[in-house]
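Q: Make a model of this:
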Amino acid sequence: MRSQQPYHYSRLEGADAIRLVVIQPSTDLAAPVQCSLLHASLVECEDDIVDHYVALSYVWGDQNNRRAIEVDRRTLNITASLDEALRHLRDHRNTL
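A: Down below sits the predicted model:
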């Protein structure tokens, strides 16, 4: 169940710090996007992300056209174009 409180990013620590988004699976393209954010460093993930990641910019699209997704059970407003991209990226059975 989604909290009414908005999601707030935690500060990244370290020069090579990154955020990884884990998208929950869904067979329904119209289903709400549910995901979690993990903090990691490029050094920690070097072997894991070489062939197993998708990079996606989150700042493109009309900034006034917004959609709500669920991040760590809290609401985060993102652009409609990013929402659409996440819906098409998510897997039917496995987290991505």
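Q: Dead centre of the chain: give me the residue that sits there.
A: Val21 (3.9 Å; Cα atoms, centre = their mean).
Q: Mind giving me the packing neighbours of the longest helix along the chain?
A: Taking DSSP state H as the criterion, the chain has its longest helix at helix 80-89. With contacts defined as 3 or more Cβ pairs under 8 Å, 6 or more residues apart in numbering; DSSP states H and E, the packing partners of helix 80-89 are strand 17-23, strand 66-71. Heads up, the C-betas are built off the backbone N, CA and C, glycines and all.
Q: Now render the ones you listed as a markdown table, adding mean pLDDT and distance to Cys45.
A: Formatted as a markdown table, the helices and strands packed on helix 80-89 follow (pLDDT from 0 to 100; distance: least, Cβ to Cβ, whole Å):
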| stretch | mean pLDDT | distance to Cys45 |
| --- | --- | --- |
| strand 17-23 | 90 | 7 |
| strand 66-71 | 94 | 19 |
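Q: which SS class is Cys35?
A: Put simply, Cys35 is strand when judged by DSSP: H, G, I helix; E, B strand; the rest coil.
Q: tell me the contacts of it?
A: Going by Cβ atoms under 8 Å, 6 or more residues apart in numbering, Cys35 touches Val21, Val22, Ile23, Gln24, Ile69, Glu70, Val71, Leu86.
Q: and if we set it to 6 Å?
A: Cys35 makes contact with Val21, Val22, Ile23, Val71, according to Cβ atoms under 6 Å, 6 or more residues apart in numbering.
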